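Visitor: need a 3D model of the following:
(one chain, ligands or ions: 1)
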Amino acid sequence: MAVMADYCPGLDIHVVDVSQHRIDAWNNIDSASLPIYEPGLQEVLNRVRGRNLHFPTDVSGAIQRADMVFLSVNTPTKRNGHGAGAAADLTFIEKAARQVAEVARGSTIVVERSTLPVRTADVLRKILGQGSGHHFEILSNPEFMAEGTAIEDLQNPDRVLVGGFCSQAVAELTAIYANWVDPSRIITTGLWSAELAKLTANAFLAQRISSINSIAALCEATGADVDEVRRAVGSDRRIGCEFLRPGPGFGGSCFRKDVHNLIYLAEHYSLDQVAAYWRSVIDLNSWSQHRISQMIVKNLFGTLRDKRLAVLGFAFKADTNDTRESPAIAICRDLLHDGATLSIHDPRVSFDDIQRLLVTEAEGRPTSGCFERVDGVVSACEGADAVLILTDWAQYRDLDWATIAARMRRPGWVFDTRRCTNLSDAAAQGLETWQIGLGELA
Ligand code: UDX
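Guide: Prediction:
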């Protein structure tokens, strides 16, 4: 909405939320207190906040005055009851729709922005149809931006997708995007295709990561180098080289949830083989995470008891403070179960977040091991038997291995799960090194 406000000074945009605390945070001009960290966001906010982007608390009033309502509520995976662990929990979208039905006036275009299972617009149609005396049109306008590059992705998107059955409503929304997006990049479809395209895009991206991670393991076993394989394979234009970097498995709020959603839909329509196919993408991702911890235990002589590991990076990827579904969670829990002492460094993730994920929300609290959060990379490595790199933060690219190695216990190890550090410098300091997807056989 901030980016939209920036390019469309004629629009008056009101962002509302049921959480007063969140709205207060968005109104706070101090960047450190914004609810999310996103490069470039503060600059855009500085231009538009109070001009044509407002964060009021009167939800009903904002809906009443609006010509267009964007529903951007979260759709977590259901935890209980029918479809638990797979289906999307539509509680929030339903609540929001009921409120729109109750208070909207005149003619309103309701835009689905949340990632929703295909045919959710049916639910919206039924709820919105309950109100009387006003007219609704529903559009699906899923968002394809990635965290860490959100502002750039929004300013210069590969495509914008607008799905709907009312051409007038579709035209109104595309006209807004046309203020900064080339018309050739604005795709219009029916409602169901737009809803399904978003899930499909995330499923295909997740599948690429699972595919390359499966090949990385094969490279390690055979003496091949996954970077070379990636270059050779990715230069086929039909495949493309983007999004083929091996790692400790994908994380983030979308991939797991959306693939699960697709699996649930496939099962709903009795397409069991389709469900099994997509389930394997998730299974391979869990396996990619656990194999890292197993490899570490194996290299550290079969036990982590009385061993200290420096964990560099806890966010699910660089340039975000988001830890949702981060591979670091499963890997650190495994290491703790094996008795390790972890010194965790991440430039943006707080101790509270780490504590919540490793203790409060851990399925089965770690039976042994302990952890701390450390501010500096070098102090995290103090007395460590191994350094484990889990997130590709730029500051890990060029580490001072001479200083780090001098503080480590020997034999010392470096495990680079992202291929993002100057590992040859670490080897030059006498440290043993392991990197994902590199076989040792000659
Ligand atoms: C994703 C989609 O990219 C985006 O289009 C959608 O709107 C939301 O979901 P996001 O979750 O923010 O975005 O992160 P993304 O950059 O896609 O990374 C997802 C995970 O895959 C991260 O854990 C990342 O480290 C991993 N990844 C990504 C790899 O392991 N290798 C790669 O080559 C790319």
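
Visitor: for the residue nearest to M68 when sequence neighbours are not counted, which three-state class applies?
Guide: Nearest residue to M68, sequence neighbours excluded (Cβ to Cβ, 6 or more residues apart in numbering): I109, at 4.5 Å. Just so you know, the C-beta spots here come from the backbone N, C-alpha and C atoms, and that holds for glycine as well. Assigned with DSSP: H, G, I helix; E, B strand; the rest coil, I109 falls in the strand class.

Visitor: give me the number of residues near V359?
Guide: Taking other Cβ atoms under 10 Å as the criterion, the count of residues near V359 is 13.

Visitor: report the secondary structure state of it.
Guide: helix.

Visitor: what residues does the protein put near the ligand?
Guide: 143-147, 202, 205, 209, 243-245, 247, 250-252, 254-255, 316-317 (Cβ under 6 Å from any ligand atom).

Visitor: now restrict the residues you listed to buried residues only.
Guide: 143-144, 146-147, 202, 205, 209, 244-245, 247, 250-252, 254-255, 316-317 (16 or more other Cβ atoms under 10 Å).

Visitor: just these: which are in helices?
Guide: Under the assignment DSSP state H, these contribute 202, 205, 209, 255 to helices.

Visitor: from what I see, the second one and F243 are in contact.
Guide: Think L205. Yes. Counting by Cβ atoms under 8 Å, L205 does reach F243; the two are 5.9 Å apart.

Visitor: what is the subsequent helix or strand relative to the helix or strand hosting D6?
Guide: Assigned by DSSP states H and E, D6 belongs to helix 2-7. Going down the chain from helix 2-7, the next helix or strand is strand 13-14, by DSSP H and E.

Visitor: find the nearest non-adjacent residue to F255, please.
Guide: The nearest residue in space to F255 (Cβ to Cβ, 6+ apart) is A206, at 4.1 Å.

Visitor: could you count how many residues lie near that neighbour?
Guide: 25.

Visitor: relative to R356, how far out is it?
Guide: In this view, A206 and R356 are 25 Å apart by Cβ to Cβ, to the nearest Å.

Visitor: what's the answer for A5, then?
Guide: A5 is 33 Å from R356, by Cβ to Cβ.

Visitor: which one's more surrounded, the two?
Guide: A5 (21 against 13).

Visitor: residue contacts, the more buried one?
Guide: 11, 13, 48, 51-53 (Cβ atoms under 8 Å, 6 or more residues apart in numbering).

Visitor: got it, and N80?
Guide: Counting by Cβ under 8 Å, 6+ apart, N80 has no contacts.

Visitor: contacting residues for the residue nearest to M68?
Guide: 67-69, 136-139, 169, 172-173.

Visitor: again, 10 Å this time
Guide: 66-70, 135-139, 164, 166, 168-170, 172-173 (Cβ atoms under 10 Å, 6 or more residues apart in numbering).

Visitor: among these, which ones are in strands?
Guide: 68-70, 135-139, 164 (DSSP state E).

Visitor: what subset of the residues you listed is buried?
Guide: Neighbour-count burial (16+ other Cβ under 10 Å) applied to the ones in strands among the contacts of I109 gives 68-70, 136-139, 164.

Visitor: name the nearest residue to the residue of the stretch 251-400 of the chain at minimum distance from the ligand, sequence neighbours excluded.
Guide: Closest approach between the stretch 251-400 of the chain and the ligand, counting by Cβ to the nearest ligand atom: G252, at 2.9 Å. Excluding the flanking residues, the one nearest G252 by Cβ to Cβ, 6+ apart is F316, at 4.9 Å.

Visitor: just the terminal-to-terminal distance for stretch 142-158.
Guide: Start and end residues of stretch 142-158 are separated by 13 Å (Cα to Cα, to the nearest Å).

Visitor: for A330, see how far away the spatially closest residue to C370 that is not a sequence neighbour is.
Guide: Closest residue in space to C370, ignoring its immediate chain neighbours: T341 at 5.5 Å, by Cβ to Cβ, 6+ apart. Distance, T341 to A330, by Cβ to Cβ: 18 Å.

Visitor: check Q130 too.
Guide: 43 Å.

Visitor: okay, those two: which has more neighbours?
Guide: A330 (21 against 10).

Visitor: for that one, give me its contacts.
Guide: A330 neighbours (Cβ under 10 Å, 6+ apart): 248-249, 251, 285-286, 288-290, 292-293, 357.

Visitor: in terms of helices and strands, where is it?
Guide: Counting by DSSP H and E, A330 is part of helix 327-337.

Visitor: give me the distance from that helix to the chain's centre.
Guide: Helix 327-337 sits 18 Å away from the centroid of its parent chain (Cα atoms, centre = their mean, to the nearest Å).

Visitor: do me a favour and average the pLDDT over it.
Guide: Averaged across helix 327-337, the pLDDT comes to 97.

Visitor: so R291, which of the three states?
Guide: helix.

Visitor: who touches it in this structure?
Guide: 213, 216-217, 220, 248-249, 331, 436.

Visitor: same question for G302.
Guide: By Cβ under 10 Å, 6+ apart, the contact list for G302 reads D338.

Visitor: how near is it to G339?
Guide: Relative to G339, and taking Cβ to Cβ, G302 is found at 11 Å.

Visitor: residues of stretch 150-167 that come out buried?
Guide: Here stretch 150-167 shows 150-151, 153-154, 157, 160-164 as buried, counting by 16+ other Cβ under 10 Å.

Visitor: check the residues you listed and tell me the two furthest apart.
Guide: I151 and G164 (26.3 Å; Cβ to Cβ).

Visitor: quick revisit: what's the next secondary structure element after the helix holding A330?
Guide: By DSSP H and E, the next helix or strand past helix 327-337 is strand 341-345.

Visitor: what's the angle from that next one to helix 327-337?
Guide: Angle, strand 341-345 to helix 327-337, by axes from the mean of the first three to the mean of the last three Cα atoms, to 10 degrees: 160 degrees.

Visitor: any idea which element V387 lies in?
Guide: Counting by DSSP H and E, V387 is found in strand 386-389.

Visitor: same question for V259.
Guide: helix 255-268.

Visitor: what about that helix, distance to the chain center?
Guide: Relative to the chain's own centre, helix 255-268 is displaced by 16 Å; criterion: Cα atoms, centre = their mean.

Visitor: show me which residues of it are buried.
Guide: Residues of helix 255-268 classed as buried under the neighbour-count rule (16+ other Cβ under 10 Å) are 255-267.
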